[in-house]
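**Student:** Okay, predicted coordinates and the sequence, questions at the end:
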Amino acid sequence: MVHSKEIIIVGGGPAGAYCAYELAKQGIKPTIFDHSHPREKPCGGGISPPLIAKFPFVEKFRSNGLTFGSFKIISCIKTEVMTNGLETGFSISRRYFDQEILDMATQNGAKLVKEKIVDIQKTENSWILTSDKSKYSSRCLVGADGVNSLMRRKTIGPISKENLAITFGYLATGLDKGKATIKYLAEIPGYIWVFPGKDYSNIGIGSELKYGRRLKPILNAFIQSHCSEIKISSRYAACLPSASDPEFFKLPSSGTNWILIGDAAGHVDPISGGGILYALWGGKLAAEAIKNNDMQSFDELWRKAYGKTLEERCNRKEDFYDPLKSTFSIIAGLANKTYFWPS
């Protein structure tokens, strides 16, 4: 038996859940399929000032996170800068953050189905989805199923290795709340983050996929010299989109009856790896395209909203991780308050 659903969103992370919320607010009740959210993720959980400015509702989550009074930034050549310029941002548990967005969607009428989609097939006028329990059909399909998106593979193909990054890190306790740090690497392009949290701290490292084997020893050496007092409770590793070629953003993210958003679309800052802002933004624009019964218009919408920013960040990526140029970028970014938080 095939169950029919008007609109299916595959993935209940921030992109999929916020898209569902925006649709549900307008009386359009999508069905979200996700067997695993919410969960802790290999992510620093940084809620940046630009994210708060674009989506002010996230401010209500601050009391469940940790606001940093000061923040240390260490360049590739070990220049250290202490700043209060990022004090309006905060860090938060991704399990909590994702749950809140998902609750916003379901409380407004979206339905969550805790099943794993294992296959997607396109027919002439619709999609057939097979879960680990049943089969479903839908005329409209939104892929918000992450970097290894099944939906992406069925439409435009997987993200190439050249446009992927990898993160490795630890959840830990015992870290001084005043030790919020970003350390840019000299050995490889990338950075280490230290984000103290309310109940635990997140300490991780990220770089291009080809440097994956080097991440753990570099991070462990940093921990030994900067925060050896921590007690590690668990570790994580994961891939994420990180475009190295600006042409990546010319690939379509939508068609006549499908849309890709968030990590599935590759809409992640190529330098910082920050994806929460673009997950929410893409989800909102996808809902607009669906409401207007023109899913293919999503490409025009996201390119106009933030496409040029992603391309510009991609073009700056190599220079940003150059030891001398990156030190200048840190000083200039702090001076004009345009510096980012990885999220």
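**Tutor:** Everything's here; your move. Numbers count the residues shown, from 1 in each chain.

**Student:** Let me see the contact set for the most centrally placed residue in the chain.
**Tutor:** In the chain, the C-alpha nearest the mean C-alpha coordinate belongs to Gly275, at 2.9 Å (CA atoms, centre = their mean). By CB atoms under 8 Å, 6 or more residues apart in numbering, the contact set of Gly275 is 43, 240-241, 262-263, 267-269, 343. In this view, the C-beta of every residue, glycine as well, is placed from N, C-alpha and C.

**Student:** Out of those, flag the one nearest to Gln26.
**Tutor:** Gly262 (20.2 Å; CB to CB).

**Student:** Among the contacts of Gly275, show me the least confident.
**Tutor:** Across the set of the contacts of Gly275, Ser343 stands lowest in pLDDT, at 43.

**Student:** what about the closest residue to Lys177 other than its chain neighbours, how many neighbours?
**Tutor:** Of all residues not flanking Lys177 in the chain, Pro196 sits nearest, at 4.7 Å (CB to CB, 6 or more residues apart in numbering). Neighbours of Pro196 under the rule other CB atoms under 10 Å: 20.

**Student:** Give me the subset of the contacts of Gly275 that lies in strands.
**Tutor:** Using DSSP state E, the subset of the contacts of Gly275 located in strands is 240-241.

**Student:** Please name the two of the contacts of Gly275 that end up farthest apart in the structure.
**Tutor:** Across those, no pair lies farther apart than Cys43 and His267, at 15.0 Å, counting by CB to CB.

**Student:** re the thing from before, residues touching the residue nearest to Lys177, list them.
**Tutor:** 66, 68, 91, 175-180.

**Student:** same question, Lys291
**Tutor:** Contacts of Lys291 by CB under 8 Å, 6+ apart are 23, 26, 28.

**Student:** Test my guess that the first one contacts Lys29.
**Tutor:** Yes. In this structure, Leu23 is within contact of Lys29 by CB atoms under 8 Å, at 7.4 Å.

**Student:** Between these two, which is the more surrounded one?
**Tutor:** When Leu23 and Lys29 are compared for neighbours, Leu23 comes out ahead with 25 against 16, by other CB under 10 Å.

**Student:** Pretty sure the more buried one sits in a helix.
**Tutor:** Yes. Assessed with DSSP: H, G, I helix; E, B strand; the rest coil, Leu23 lies in a helix.

**Student:** May I ask you to name the longest helix in the chain?
**Tutor:** Once the chain is assigned using DSSP state H, the helix that runs over the most residues is helix 276-291.

**Student:** Pull out the buried residues from the next helix or strand after that helix.
**Tutor:** Using DSSP states H and E, the next helix or strand after helix 276-291 towards the C-terminus is helix 298-302. Judged by neighbour count (16 or more other CB atoms under 10 Å), helix 298-302 contains these buried residues: 298-299, 301-302.

**Student:** can I get these in JSON lines with distance to Ile120 and pLDDT?
**Tutor:** JSON lines is the format used below for the buried residues of helix 298-302 (distance: CB to CB, whole Å; pLDDT from 0 to 100):
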{"residue": "Phe298", "distance to Ile120": "18", "pLDDT": "98"}
{"residue": "Asp299", "distance to Ile120": "20", "pLDDT": "98"}
{"residue": "Leu301", "distance to Ile120": "24", "pLDDT": "98"}
{"residue": "Trp302", "distance to Ile120": "22", "pLDDT": "98"}
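
**Student:** What is the nearest of those residues to Leu112?
**Tutor:** Phe298 (22.7 Å).

**Student:** The closest one is in contact with Gly255, isn't it?
**Tutor:** No. Look at Phe298 against Gly255 with CB under 8 Å: they stay out of range, at 9.3 Å.
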